[in-house]
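Undergrad: my questions concern the predicted model and sequence given below.
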Amino acid sequence: MLIVGNWKAYVESQKKAKTLFATAKKLALTSRVKIALAVPGPYIGLLSSQNRSKVLLAAQDVSVSLGGATTGEITAAVLKDLKVAFVIIGHSERRAMGETNEIVSEKIQQALAHGITPIVCIGESERDIDGTYLAFLRGQLHAIFQTLSQEQRQEIILAYEPIWAIGKNAANALSPTDLTEMILYIRKMLVEYVTEMGAEKSIILYGGSVEPSNASALAKDTGVDGFLLGHASADADIFTALVKALLIPKVASSARLKIRP
Ligand code: PGA
């Protein structure tokens, strides 16, 4: 099971960043879950330099820039230099700022070219009884996967994040039954791009109001490979409770994970 904590912009002091990182280090030692933290850009350097632990570093975004004269951009080369293992691409909060599927594809190319695994977010803004949201998801996936080679497609981690479930609380998250259905649906869509075996092996995360109270139900028998956490990852006690809730043998398994060194 892969747990990616996306601190977003909740963490605004080095002190808090270090405390949260130390908490994750302890959990990574004792637990069977893999933990990655997507921290604000400037904190990547702070935490990377002292990281001898199992906690993997992730970035919340990457630039499409190849480097050089692009003021303010954080390139994949810089992230690679800081030993970043994953980068979140196409998060709905960035898409809301104008990030298109084309930009998402360019960012994926940048990440892959530098050996960083992209965690690509897809998700509908609302649900309707006619199932239009399923067609929307199919369109999002197609727009991204059609630009990638067969080999590149296998490198992608997908994060299914229905926008309507983000930033709320456990009561408003996707239900375990719906998650089971969605994971199946996404794997079925993936068959078209990565073959049946590839689809079975693909890592799919869920994100949207995962909290200590619903984490284990969402993990158990739903077919999900892990979670992309937002607010629950920015509080040491809540994050600890959540990871501990996942530590029952049936749930925690990292067997499927193939993570770059
Ligand atoms: P949330 O955020 O856990 O606060 O709902 C999830 C996300 O945006 O990845």
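TA: Received it, and whenever you're ready, just let me know what you need. Numbers count the residues shown, from 1 in each chain.
Undergrad: my guess is Gln150 contacts Glu192, does it?
TA: No. Counting by Cβ atoms under 8 Å, Gln150 stays clear of Glu192, with 11.6 Å between them. C-beta: built from backbone N, CA, C; applies to glycine.
Undergrad: mind telling me what element Val224 is part of?
TA: Using DSSP states H and E, Val224 sits within no helix or strand.
Undergrad: Thr177 too?
TA: Taking DSSP H and E as the definition, one finds Thr177 inside helix 176-201.
Undergrad: and what of Gln140?
TA: With secondary structure defined by DSSP H and E, Gln140 is part of helix 132-145.
Undergrad: how about residues contacting that helix?
TA: Residues from elsewhere that reach helix 132-145, judged by Cβ atoms under 8 Å, 6 or more residues apart in numbering: 90, 101-102, 104-105, 108, 120, 122-124, 126-127, 153, 156, 158, 160, 185-186, 189-190, 193.
Undergrad: just the buried members of the residues you listed?
TA: 90, 101, 104-105, 108, 120, 122-124, 153, 156, 158, 160, 186, 189-190, 193 (16 or more other Cβ atoms under 10 Å).
Undergrad: Trp164 contacts Ala173, correct?
TA: No. Here Trp164 lies out of contact with Ala173, judged by Cβ under 8 Å, at a distance of 10.0 Å.
Undergrad: who has more neighbours, the two?
TA: Ala173 (24 against 18; other Cβ atoms under 10 Å).
Undergrad: grab the nearest non-local neighbour of that one.
TA: Excluding the flanking residues, the one nearest Ala173 by Cβ to Cβ, 6 or more residues apart in numbering is Ser209, at 3.9 Å.
Undergrad: read off the pLDDT value for the one you found.
TA: Ser209 is assigned a predicted lDDT (pLDDT) of 98.
Undergrad: can you confirm it is in a strand?
TA: No. The assignment for Ser209 by DSSP: H, G, I helix; E, B strand; the rest coil gives coil, which leaves it out of any strand.
Undergrad: that one - how many residues pack around it?
TA: Ser209 is flanked by 23 other residues according to other Cβ under 10 Å.
Undergrad: now do Gln14
TA: Gln14 is surrounded by 12 other residues when neighbours are defined as other Cβ under 10 Å.
Undergrad: surely it touches Gly45?
TA: No. Under the criterion of Cβ under 8 Å, Gln14 makes no contact with Gly45, lying 10.9 Å away.
Undergrad: picking up where we left off before, tell me what angle the helix holding Thr177 forms with helix 132-145.
TA: Between the axes of helix 176-201 and helix 132-145, defined by axes from the mean of the first three to the mean of the last three Cα atoms, to 10 degrees, the angle is 30 degrees.
Undergrad: may I see the buried residues of helix 176-201?
TA: In helix 176-201, residues buried by neighbour count (16+ other Cβ under 10 Å) are 176, 179-180, 182-183, 186-187, 189-190, 193-194, 199.
Undergrad: mind giving me TSV with these and columns for distance to Thr70?
TA: Rendered in TSV, the data for the buried residues of helix 176-201 read as follows (distance: Cβ to Cβ, whole Å):
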residue	distance to Thr70
Pro176	43
Leu179	39
Thr180	43
Met182	37
Ile183	37
Ile186	34
Arg187	37
Met189	34
Leu190	33
Tyr193	31
Val194	32
Ala199	36
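Undergrad: what residues does the one helix or strand Leu27 maps to touch?
TA: If you go by DSSP H and E, Leu27 is part of helix 14-30. For helix 14-30, the external contacting residues (Cβ under 8 Å, 6+ apart) are 5, 7, 11, 33-35, 37, 39-40, 43, 46-47, 51, 53-55, 233-234, 236, 239-240, 243-244.
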